[in-house]
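1. mind looking at a prediction? Sequence and model below.
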Amino acid sequence: MTTREAPAVAVRGLRKSYGAVEAVKGVEFEVRPGEVFGFLGPNGAGKTTTISMLCTLIRPTGGSALVAGHDVVRERDQVRRNIGLVFQDPTLDGYLSAEQNLRFHAELYGVPKDVVGARIRQVMEMVALWDRKDAKVNTFSGGMKRRLEIARGLLHSPRVLFLDEPTVGLDPQTRSAIWGYINKLRHTEDITIFMTTHYMDEAEYCDRIAIIDHGEIVVIDSPEELKASVGKDRVQIQTADDATAIAALKERFDLDAAVREGTVTFAVASGEAFVPRLFSELGVPIRSVSVSRPSLDDVFMNYTGSTIRDAEGESGGQSYMRAMARR
Ligand SMILES: Nc1ncnc2c1ncn2[C@@H]1O[C@H](COP(=O)(O)OP(=O)(O)OP(=O)(O)O)[C@@H](O)[C@H]1O
């Protein structure tokens, strides 16, 4: 039996290995009912592997996970009945109309005949596709297909909706429209949302996020708490001689700097007040300087030692190729 208060997702020591590759190394977390929970990490961090285990698409190597109160290994069917999936690979039938795709799904999930028509209309209106219900899906843009997949994922009124990189590869307008639907969902449906992303700006919309890196969760909290925990501003400078500037920052100010995304980057309390001292005392010509408040990028850097983009450069090649192959 599940109760309203029980976690929507409860994960203990969950592991997955592919041969010698330990993709997920014993993660632990709980997702509260009604929450939008984000799983944030660079390419190859283990996000898709984790979400696939929670959705019963792949079998864990160890540990346990309950979704909507059901065990992902022992109670696969119950888990599947209680979840909606929107994955990176589109699984719509291009030769059917949008509405036919949803009808097919409703039959698979046993949505009662007397409610199915109204429910299809409701979810299609939610993603602004009702007026295109009769069009064949292979005439849809990538964004429209993703919206239709979200509608389909919601059709059988799941307790937990899993979204794997729901906005990847979409233009900014469609990305923001999709976030509009996700926000609307919080108010209109009794649902928990679990999503993966490697977009920092999108993680901001989540109630809580778990940062995953190299198969391990490094921290879990709300975006606000995470940013507050960093406590320092980020300063980025372009200099005539980066190596000398990094050495001078250490020697004169005892600051640890590194080249991140092409600029000398370091964290310091009250960044703006520090800039005049920097110019007068660094001893290396500075071409430009920028100061920013802690963002989730800084949170990521603070907890993992690299920016998410640098981390993708270092570990993402293989999974980037897989992601491209999947498209
Ligand atoms: N089927 C597989 N066989 C072998 N290795 C795999 C397989 N699936 C994933 N991996 C490896 O497991 C690790 C985690 O991959 P995963 O896809 O879970 O990462 P991710 O964070 O979701 O990245 P992406 O954003 O690219 O999907 C990577 O090192 C990846 O190469």
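-> Arrived safely, thanks for sending.

2. which residues of the stretch 151-300 of the chain lie near the ligand?
-> Residues of the stretch 151-300 of the chain found near the ligand, taking CB under 6 Å from any ligand atom as the criterion, are H198. To be clear about C-beta, it is placed using only N, CA and C from the backbone, and glycine gets the same treatment.

3. mind running it again at 8 Å?
-> Listed as neighbours of the ligand in the stretch 151-300 of the chain under the rule CB under 8 Å from any ligand atom: 164-165, 168, 196, 198, 212, 215.

4. which among these end up buried?
-> Buried residues within those, counting neighbours by 16 or more other CB atoms under 10 Å: 164-165, 196, 198, 212, 215.

5. how about the residues of the stretch 151-300 of the chain next to the ligand, which pair is most distant?
-> Comparing all pairs in those by CB to CB, the longest separation belongs to V168 and G215, at 20.3 Å.

6. show me where the stretch 201-327 of the chain has its helices.
-> Secondary structure of the stretch 201-327 of the chain (DSSP state H, counting those that start in this stretch): helices located at 223-230, 242-253, 271-281, 296-304, 308-315, 317-326.

7. what about the strands in the stretch 101-250 of the chain?
-> Assigned by DSSP state E, counting those that start in this stretch, the stretch 101-250 of the chain shows strands spanning 160-164, 192-197, 208-213, 216-221, 233-239.

8. most centrally placed residue in this protein?
-> With distances taken as CA atoms, centre = their mean, the chain has T197 as the residue nearest its mean C-alpha position (2.1 Å).

9. check contacts around it.
-> Contacts of T197 were listed using CB atoms under 8 Å, 6 or more residues apart in numbering, and they are 38-40, 165-167, 203.

10. cool, Q173 as well?
-> With contacts defined as CB under 8 Å, 6+ apart, Q173 has no neighbours.

11. please apply the same query to I246.
-> Applying CB under 8 Å, 6+ apart, one finds that I246 lies in contact with 257-259, 264.

12. between the residues you listed, which sits nearest D131?
-> Where the contacts of I246 are concerned, and distances follow CB to CB, D131 has its nearest neighbour in V259, at 50.9 Å.

13. what is the burial count for the closest residue to that closest one other than its chain neighbours?
-> Leaving aside its sequence neighbours, V259 sits nearest to D242 (CB to CB, 6 or more residues apart in numbering; 5.7 Å). Counted with other CB atoms under 10 Å, the neighbours of D242 add up to 17.

14. ditto for the one 5 residues further on
-> Look at A247: counted by other CB under 10 Å, it has 13 neighbours.

15. that one and the ligand, how far apart?
-> For A247, the distance to the ligand under the criterion CB to the nearest ligand atom, to the nearest Å works out to 35 Å.

16. hang on, the earlier thing: from the buried ones among the residues of the stretch 151-300 of the chain next to the ligand, which one has the minimum pLDDT?
-> Least confident of those in the model: H198, at 83.

17. leaving out sequence neighbours, find the closest residue to G62.
-> Nearest non-adjacent residue to G62, counting by CB to CB, 6+ apart: R15, 4.1 Å away.

18. how about G153?
-> G84 (3.4 Å).

19. look through the stretch 101-250 of the chain and state the residue closest to the ligand.
-> In the stretch 101-250 of the chain, no residue comes nearer to the ligand than H198, which is 5.7 Å away by CB to the nearest ligand atom.

20. got the phi and psi for that residue?
-> Summarising the backbone geometry of H198 under the convention degrees, to the nearest 10, its torsions are phi -120, psi 20.
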